[in-house]
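S.K.: Let's see this in three dimensions:
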Amino acid sequence: MKKIFLVFTIISLSLLSCGSDDDSLQKIDQLFNLYIKDSSGNDLLKPTAIGSYTGVTFTDELAEKDNVNVSYSRKMLADSTYYLEYLAGATRQFVEGDSDGNKIYRSVIQVSLIKKISETQNDPVVNDTMEIFYHSSPTVFEVSRVLYNKQLVFTKVPDQPNVATVIK
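M.R.: Residues are numbered from 1 along each chain as shown. Sure, this is the predicted structure:
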């Protein structure tokens, strides 16, 4: 009887020590939305419109093998404005870290754009580069900044969505 009680006590104490609290959870904030517009503010991501980038491809530039496509979604707002939603999928390369557990990672994505110039003709493919930097700490993993063709287009503002607009 004493053995059963001792085993039961050890199991109970073990289960209690495995508990966790909400403070130990890491917040994930890596959804990024990209708008592409012209200098007049016109949406350039309409999927069938002449003058828009009707073809878009994301390719992982840090992948171990060539031509690894990265998933994204072309989405539309209620006002018919289109944007590219990127969540994850590209290789993340470690950049730096510190002793407090803070780390910086980056992904590099080639953004290939095909512009429709008439009903039967497209412009040659434009290859742009999007570099996404992530900040990781024990409490958060988030997009911290984004460069598009080496130009800063996004810097994280706490509790705000990760959104950038590129003018082409």
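S.K.: quick one, helices of the protein?
M.R.: Taking DSSP state H as the test, the helices found in the chain are 2-17.
S.K.: remind me which residues of it are low pLDDT?
M.R.: 1-24 (pLDDT under 70).
S.K.: For it, which segments are assigned as strands?
M.R.: 27-29, 32-37, 53-60, 68-69, 73-76, 82-86, 93-97, 103-115, 126-136, 140-148, 151-155, 163-167 (DSSP state E).
S.K.: other SSEs contacting the shortest one?
M.R.: In this structure, strand 68-69 packs against strand 53-60, with contacts taken as 3 or more Cβ pairs under 8 Å, 6 or more residues apart in numbering; DSSP states H and E. The way it works is simple: take the backbone N, C-alpha and C, and place the C-beta from them, glycine included.
S.K.: next one: the fifth one
M.R.: For strand 73-76, the helices and strands in contact under the criterion 3+ Cβ pairs under 8 Å, 6+ apart are strand 82-86.
S.K.: List the pairing partners of the strand it packs on within its sheet, with orientation.
M.R.: Partner strands for strand 82-86, per DSSP bridges, with pairing direction: strand 32-37 (antiparallel), strand 73-76 (antiparallel).
S.K.: can you pull the contacts of the nearest residue to V146 once chain neighbours are set aside?
M.R.: Among residues not flanking V146 along the chain, F154 sits closest, at 4.0 Å (Cβ to Cβ, 6 or more residues apart in numbering). By Cβ atoms under 8 Å, 6 or more residues apart in numbering, the contact list for F154 reads 32, 143, 145-146, 162-164.
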